[in-house]
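Peer 1: below are the sequence and a predicted model; questions follow.
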Amino acid sequence: MDASLTLWILVAVALLFDFLNGLHDAANSIATIVSTRVLRPRYAVIWASVFNFLAFLVFGLHVAKTVGSGIVALDVVTDRVIFGALTGAIVWNVITWLAGIPSSSSHALVGGLVGAGLAKAGLKAIVWGGVGKTAAGIVVSPLFGFVLALLLVLLVSWIFVRSRPAAVDRLFRSLQFVSASLYSLGHGGNDAQKTMGIIAVLLFAHAGGHGAFRVPLWVVLSCQTAMALGTLAGGWRIVHTMGSKITRLSPMQGFCAETGGAITLFTATYLGVPVSTTHTITGAIIGVGAARRTAAVRWGVARGIVIAWIVTMPMAGLIAAAAYLLGGGLLR
């Protein structure tokens, strides 16, 4: 197959992954504001998609550089490796989306890269520092979201202890527009950059590995648009799990969960850590539920989500490795 044609086909597949990422992870941005009935689902996805797109105006490209050059070695990347990585991530995303499981698109992509890289060159293909940073994010981001949300609930409850419940409810219904916007901004900033990194490293490989690794503006705008459109399409199965099955939320609790999640995402994006927005908001939602009482959290549902987190990287990696091997007849 002609090299330039292959390049643009793979760019299109990467943007399809980005769209599916927005579709799959739409629940992360809107679950709390929908479950508290502050916004109807159709308006919530529009709200979230706008801020998903605007994220490129706020954040640098640290996460894109980590994914593009910090997971597998640049000299290992070929069309076939990227094909395997994207196939592993997309197939796993579709499986978990159909099952209504809020797994991580981010870790599916990283797992896909690792699986395809291992299939090509073995252990020498892996940049262990970047993989270690990502693996640490699996543990740290939900814990950070959990602790922040828990502390926010306790602080807000103390501040408004003498206020009328109806007045508090009205106030936080308004404030949830702010917290949901910030969370969607963090979601668009961290998640869209992962696909930017994939496309950028693909362009770098097609240029023969010459020059500095960089992310062109058209790649940034394309990825933000694809993610925003995916969010606009929505992911209602996962919204149900995230917004109501884990714990019931009031507007005040929704605000605390979104704010805790947003702070976590802003911090990770600044540090260039490709964390999971799914993990982050799930940890935050569990945190606000646990602030009420531990019985308020449906731990069986939470346990199922955690299991999905653990198996995402290896499963996406296995699918990616198989796709890499099967793609040998078509791709270099």
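Peer 2: Structure received.
Peer 1: where does pLDDT dip in the stretch 201-332 of the chain?
Peer 2: 209, 234-248, 292-306, 329, 332 (pLDDT under 70).
Peer 1: again, 50 this time
Peer 2: Scanning the stretch 201-332 of the chain for pLDDT under 50 picks out 242-244, 246, 296.
Peer 1: now the helices: where do they sit in it?
Peer 2: Using DSSP state H, counting those that start in this stretch, the helices found in the stretch 201-332 of the chain span residues 217-233, 236-240, 251-271, 277-292, 299-326.
Peer 1: so what does the third one touch, helix or strand wise?
Peer 2: Here helix 251-271 is seen to pack against helix 3-35, helix 62-69, helix 128-159, helix 165-206, helix 277-292 when contacts are counted using 3 or more C-beta pairs under 8 Å, 6 or more residues apart in numbering; DSSP states H and E. Yep, even glycine has a C-beta here, placed from its N, CA and C like the rest.
Peer 1: turn the ones you listed into TSV, columns for distance to residue 319.
Peer 2: Output for the helices and strands packed on helix 251-271, formatted as TSV (distance: least, C-beta to C-beta, whole Å):
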stretch	distance to residue 319
helix 3-35	13
helix 62-69	18
helix 128-159	18
helix 165-206	16
helix 277-292	19
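Peer 1: just those helices: most buried one?
Peer 2: Compared across those, helix 277-292 shows the largest average neighbour count, a mean of 28 (mean count of other C-beta atoms under 10 Å).
Peer 1: returning to that earlier point: relative to residue 86, which of the helices and strands packed on helix 251-271 is closest?
Peer 2: Nearest to residue 86, of all the helices and strands packed on helix 251-271, is helix 3-35, at 5.1 Å by C-beta to C-beta.
Peer 1: how about the contacts made by residue 153?
Peer 2: 252, 253, 256, 287, 288, 291, 292 (C-beta atoms under 8 Å, 6 or more residues apart in numbering).
Peer 1: nearest to residue 115, of the helices and strands packed on helix 251-271?
Peer 2: helix 128-159 (11.7 Å).
Peer 1: among the contacts of residue 153, which two are most distant?
Peer 2: 252 and 287, at 13.3 Å, using C-beta to C-beta across the contacts of residue 153.
Peer 1: show me the shaky parts of the stretch 1-150 of the chain.
Peer 2: In the prediction, the stretch 1-150 of the chain carries no residues with pLDDT under 50.
Peer 1: and if we set it to 80?
Peer 2: 1-3, 24-45, 97-105, 138-139 (pLDDT under 80).
Peer 1: just to revisit the earlier point, from the contacts of residue 153, pick the one nearest residue 154.
Peer 2: Using C-beta to C-beta, those come closest to residue 154 at residue 291, 6.1 Å.
Peer 1: nearest spatial neighbour of that closest one, skipping sequence neighbours?
Peer 2: residue 153 (3.9 Å; C-beta to C-beta, 6 or more residues apart in numbering).
Peer 1: from residue 146, how far off is residue 176?
Peer 2: Separation of residue 176 from residue 146 (C-beta to C-beta, to the nearest Å) stands at 19 Å.
Peer 1: oh sorry, the question was meant for residue 87
Peer 2: Taking C-beta to C-beta, one finds residue 87 at 33 Å from residue 146.
Peer 1: then residue 251?
Peer 2: Distance, residue 251 to residue 146, using C-beta to C-beta: 20 Å.
Peer 1: can you check residue 328 too?
Peer 2: When residue 328 is compared with residue 146 (using C-beta to C-beta), they lie 44 Å apart.
Peer 1: swap in residue 319?
Peer 2: According to C-beta to C-beta, residue 319 and residue 146 sit 30 Å apart.
Peer 1: hmm, back to that, of the helices of the stretch 201-332 of the chain, flag the one that's most buried.
Peer 2: Comparing those by mean neighbour count (mean count of other C-beta under 10 Å), helix 277-292 ranks first with a mean of 28.
Peer 1: for that one, name the packing helices and strands.
Peer 2: Secondary-structure packing of helix 277-292 (3+ C-beta pairs under 8 Å, 6+ apart): helix 3-35, helix 128-159, helix 165-206, helix 251-271, helix 299-326.
Peer 1: mind putting the ones you listed into TSV with distance to residue 217?
Peer 2: Shown next, in TSV, are the helices and strands packed on helix 277-292 (distance: least, C-beta to C-beta, whole Å):
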stretch	distance to residue 217
helix 3-35	15
helix 128-159	24
helix 165-206	10
helix 251-271	18
helix 299-326	29
